[in-house]
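Asks: Need a 3D model of the sequence below.
(chains A, B, C and D, ligands or ions: 2)
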Number of protein chains: 2
Amino acid sequence: MNGRLDNTENRHLKERKVLDRIKSIPLPAIRRYPSYLRRLKKYESEGVLWISATTLAEDLSLSSILVRKDLACTGLEGRPKYGFPIEPLICAIEKSLGWDNATDAILVGAGNLGTALMGYGGFTQYGLKIIAVFDSDPLKIGEMIHGVKILDIEKTADFIARTKIPMAVLTVPAAYAQLIAMKLSDAGIKGIWNFAPIKLKLSNDVIIQRVDLASSFAELSSRLKK
Amino acid sequence: MNGRLDNTENRHLKERKVLDRIKSIPLPAIRRYPSYLRRLKKYESEGVLWISATTLAEDLSLSSILVRKDLACTGLEGRPKYGFPIEPLICAIEKSLGWDNATDAILVGAGNLGTALMGYGGFTQYGLKIIAVFDSDPLKIGEMIHGVKILDIEKTADFIARTKIPMAVLTVPAAYAQLIAMKLSDAGIKGIWNFAPIKLKLSNDVIIQRVDLASSFAELSSRLKK
DNA sequence: ATTCTATCGATATTTAATTATCGAATACAA
DNA sequence: TTGTATTCGATAATTAAATATCGATAGAAT
Ligand SMILES: NC(=O)c1ccc[n+]([C@@H]2O[C@H](COP(=O)([O-])OP(=O)(O)OC[C@H]3O[C@@H](n4cnc5c(N)ncnc54)[C@H](O)[C@@H]3O)[C@@H](O)[C@H]2O)c1
Ligand SMILES: NC(=O)c1ccc[n+]([C@@H]2O[C@H](COP(=O)([O-])OP(=O)(O)OC[C@H]3O[C@@H](n4cnc5c(N)ncnc54)[C@H](O)[C@@H]3O)[C@@H](O)[C@H]2O)c1
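Replies: Ligands and ions are numbered 1, 2, ... in the order given. The predicted model follows:
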């Protein structure tokens, strides 16, 4: 095999490998990526250029083998003795998450939790941008919440259809969550980040991600008990 | 082996088995328990007396084998053709989680998120009771927040020492979280429910449970991307 | 130039969790 | 009373994830 042929072959193989990998990054790795990102950005801001899986692992109290594997899933290759170049690594992780360009979203339910989320600056780091807020309470409609005006829930479907916005953050009481989720789904929403403590049942082409604080607290309680 | 001896043996074996089980309920099962509880309580309020693993599984879109196994971990035994008695099942799950008697906690950081959590009625269901709130902001100290007075952060150590309160909910900015956590640990806190996006490093006898919204959002993003 | 060391990445191995299988129990209907 | 459908629980098989092992690489030190 001559050099050129070998390269073509290799590139081809590599591309297939990268494609496979995109489909097959283990979920636990995906969940660890944000922690890596935060740490890497901190290093980057301090002017550090290279990081080893070993160092990152120590920072986050993880096994270095695990971190190395996770990083390998992004497709970026490390360099013996040096580790990984930080800036490309950040890009690679963000790309793997789909955080490389911002996701616009709406928020439904401007209550306690919805208001707190709106006031949270951290989301921009994840490429999440909440561009509209909806509620059913006449007292709230028209008010401003952290710089965004609260709109009438009745206008949601129209808004989604018009803007083709892909994602909704759902922070309404559990009793209304299923109904509203179905309306969002009908209107064409692609993903729902659900903070209400119920399992939403929608057609399979809507991605649902639930945040269940009770699960987290359960884990804490049971560990504390022992 | 005669009947009596056999019984003694059996009881002994069963007790050991129960003990083992307490230590060894898989974490994923623990995390599912709150969902079971919510559903069971709903059935209970409707006057239903028995529930099968099959039904519960359908309700929550889980595999019935998984649910049956999870329920078995509580130590309660089901009855063929009927399933499990709801009320004892609720008790058994709550006991497994340590939710059978309420846990008192303090909350540190009366900001956006801290305020939202204080306003959340759901926690009482988990046996979590926040009895005091602390902050460093002079403008906030002395104010009321959902019925609880905000106290000076400087008084935290003393409060913990005096009340022997086991748990703290940490909702301060990430930059302060480690420092405050160390103070809480020194003061004798046993568990910390940490909402700040950093890995706290404390002595191993403090149980730390982190809530990482970014992880959840990462999962959503990456699933949405595909 | 040679040796030493830290790191990577590929390939096992181990561990944990989920899913499947199957016999036993029991309510209920015929 | 008998048969049938349904559920349980024990055990086995499968799958996914974490951990361990080890040769290769490349920079730094001798
Ligand atoms: N607050 C928390 O800390 C917290 C924690 C965990 C989970 N949650 C969950 O988040 C959700 C919101 O909690 P919260 O404390 O913010 O409650 P909340 O009552 O403060 O807010 C709910 C908001 O939804 C609005 N709403 C009600 N029905 C609506 C409808 N049909 N259409 C549009 N808007 C509607 C209400 O007007 C209100 O503004 C709940 O499901 C709760 O279980 C909250
Ligand atoms: N708001 C959200 O939706 C959200 C979501 C995810 C994570 N978080 C995390 O939760 C934490 C709090 O977020 P937030 O939005 O409520 O912030 P915030 O700034 O609104 O509130 C922080 C509070 O902590 C207090 N504080 C600051 N330093 C303190 C100290 N040394 N001792 C005691 N109190 C102190 C401040 O006075 C303020 O009241 C942050 O770590 C944030 O990353 C928030």
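Asks: Show me what A:Ile145 is bridged to.
Replies: With DSSP bridges applied, A:Ile145 shows beta-bridge pairing to A:Val148.
Asks: Show me which residues of chain A sit near ligand 2.
Replies: A:Ala116, A:Leu117, A:Gly119, A:Tyr120, A:Gly122 (CB under 6 Å from any ligand atom). Yep, even glycine has a C-beta here, placed from its N, CA and C like the rest.
Asks: among these, who's most crowded?
Replies: A:Leu117 (25 neighbours; other CB atoms under 10 Å in any protein chain shown).
Asks: Assign a three-state SS to it, would you?
Replies: The three-state assignment at A:Leu117 reads helix, by DSSP: H, G, I helix; E, B strand; the rest coil.
Asks: and chain A, what are its domains?
Replies: A:2-97, A:103-216 (automatic domain parsing).
Asks: from the ones you listed, which stretch is densest packed?
Replies: Among these, the stretch with the highest mean neighbour count (mean count of other CB atoms under 10 Å in any protein chain shown) is domain A:103-216, at a mean of 18.
Asks: okay, the residues of chain A next to ligand 2 in CSV with distance to DNA strand C and pLDDT next?
Replies: Formatted as CSV, the residues of chain A next to ligand 2 follow (distance: CB to the nearest atom of the strand, whole Å; pLDDT from 0 to 100):
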residue, distance to DNA strand C, pLDDT
A:Ala116, 30, 97
A:Leu117, 28, 97
A:Gly119, 34, 94
A:Tyr120, 30, 95
A:Gly122, 27, 91
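Asks: on that earlier part again, could the domains of chain A be laid out in CSV, adding distance to B:Ile130?
Replies: Formatted as CSV, the domains of chain A follow (distance: least, CB to CB, whole Å):
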stretch, distance to B:Ile130
domain A:2-97, 27
domain A:103-216, 13
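Asks: among the residues of chain A next to ligand 2, which are in reach of chain B?
Replies: With CB under 8 Å from any CB of the partner chain as the criterion, the residues of chain A next to ligand 2 include A:Ala116, A:Gly119, A:Tyr120, A:Gly122 near chain B.
Asks: Let me see the mean pLDDT of the longest strand seen in chain A.
Replies: Once chain A is assigned using DSSP state E, the strand that runs over the most residues is strand A:128-135. For strand A:128-135, the mean pLDDT works out to 97.
Asks: on contacts alone, who are the packing partners of it?
Replies: strand A:103-108, helix A:112-118, strand A:148-152, helix A:156-163 (3 or more CB pairs under 8 Å, 6 or more residues apart in numbering or on different chains; DSSP states H and E).
Asks: check whether the last one contacts chain B.
Replies: Spelled out, that is helix A:156-163. No: using CB under 8 Å from any CB, helix A:156-163 never reaches chain B; the gap is at least 15.1 Å.
Asks: now the angle between strand A:103-108 and that helix, please.
Replies: 170 degrees (axes from the mean of the first three to the mean of the last three CA atoms, to 10 degrees).
Asks: try the third one
Replies: Here the directions of strand A:148-152 and strand A:103-108 differ by 60 degrees (the same axes, to 10 degrees).
Asks: Strands of chain A, start to end?
Replies: A:50-51, A:84-85, A:103-108, A:128-135, A:144-145, A:148-152, A:167-170, A:191-194, A:207-210.
Asks: I'd like the average pLDDT over the first one.
Replies: If you average the pLDDT over strand A:50-51, you get 98.
Asks: circling back to that earlier point, the domains of chain A: which one's closest to ligand 1?
Replies: domain A:103-216 (1.6 Å; CB to the nearest ligand atom).
Asks: May I have the distance across that closest one, first residue to last?
Replies: Using CA to CA, to the nearest Å, one end of domain A:103-216 lies 26 Å from the other.
Asks: Repeat that for stretch A:70-88.
Replies: Start-to-end, stretch A:70-88 (CA to CA) is 15 Å.
Asks: How about it and chain B, any contact?
Replies: No: using CB under 8 Å from any CB, stretch A:70-88 never reaches chain B; the gap is at least 11.0 Å.
Asks: Kind regards, and thank you for your time.
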